[in-house]
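Participant: next one to model:
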Amino acid sequence: MMPRQNDLQLEVLDHGRPRTERAFLRRVVRATLRFAGRERLPVSLLLTDDREIARLHGEYLGDPTPTDVISFDLDGSAEIVVSVETARRVAKQSGHLVRAEVALYVVHGLLHVCGFDDLRPRERRRMRDAERAVMRSLRLAVREVDGEN
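Facilitator: Model prediction:
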């Protein structure tokens, strides 16, 4: 069966602890793609731990350390890898929900694939503004996005 044109094309592989609800991930991905004007972008999400993301980080980006999120723009689709272990740790330190931190990482990774960057100050402000807008549309708060950077 062919997906309808407005259907979200999302694949999720969830190895993270705690697990993240697929319906929640669909809302996050849909809101981000809508914001970026890329509603038809196929997305694959891998939710994992620090060990696996460090392996992928080393293999594909030459840095074998854990990170929060890695994004790949592959043949017109987005592949996003999120460390739920990192999200859990940061959420605990910051006093907000793990799922909000996971959402932020998904938003951040998708924005990268959609042309946003955070290397230079002006680009970083644009990225943070976009993150804030998407997170607010989802009624999710995390201090990193809501506070001053």
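
Participant: CA atoms for contacts and neighbours, from now on please.
Facilitator: Noted.

Participant: quick one: strands adjacent to the helix or strand hosting L46?
Facilitator: Following DSSP states H and E, the helix or strand that holds L46 is strand 43-48. Take DSSP bridges as the rule and strand 43-48 pairs in its sheet with strand 10-14 (parallel), strand 77-83 (parallel).

Participant: list the buried ones in the helix or strand just after that strand?
Facilitator: For strand 43-48, the succeeding helix or strand toward the C-terminus, using DSSP H and E, is helix 50-61. If you call a residue buried by 16 or more other CA atoms under 10 Å, then helix 50-61 has these buried ones: 50, 52-57.

Participant: what of stretch 17-35?
Facilitator: Here stretch 17-35 shows 20, 25-26, 28-33, 35 as buried, counting by 16+ other CA under 10 Å.

Participant: tell me the contacts of G109?
Facilitator: Going by CA atoms under 8 Å, 6 or more residues apart in numbering, G109 touches 69-71, 80.

Participant: is it possible to export those residues to JSON lines including neighbour count?
Facilitator: Formatted as JSON lines, the contacts of G109 follow (neighbours: other CA atoms under 10 Å):
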{"residue": "V69", "neighbour count": "25"}
{"residue": "I70", "neighbour count": "23"}
{"residue": "S71", "neighbour count": "20"}
{"residue": "I80", "neighbour count": "24"}
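
Participant: mind checking which of the residues you listed are in strands?
Facilitator: 69-71, 80 (DSSP state E).

Participant: tell me which residue is most central in this structure.
Facilitator: V106 (1.1 Å; CA atoms, centre = their mean).

Participant: so that one is in which element?
Facilitator: Counting by DSSP H and E, V106 is part of helix 98-113.

Participant: that helix: what's the following helix or strand?
Facilitator: Helix 98-113 is succeeded, C-terminally, by helix 121-137 (DSSP H and E).
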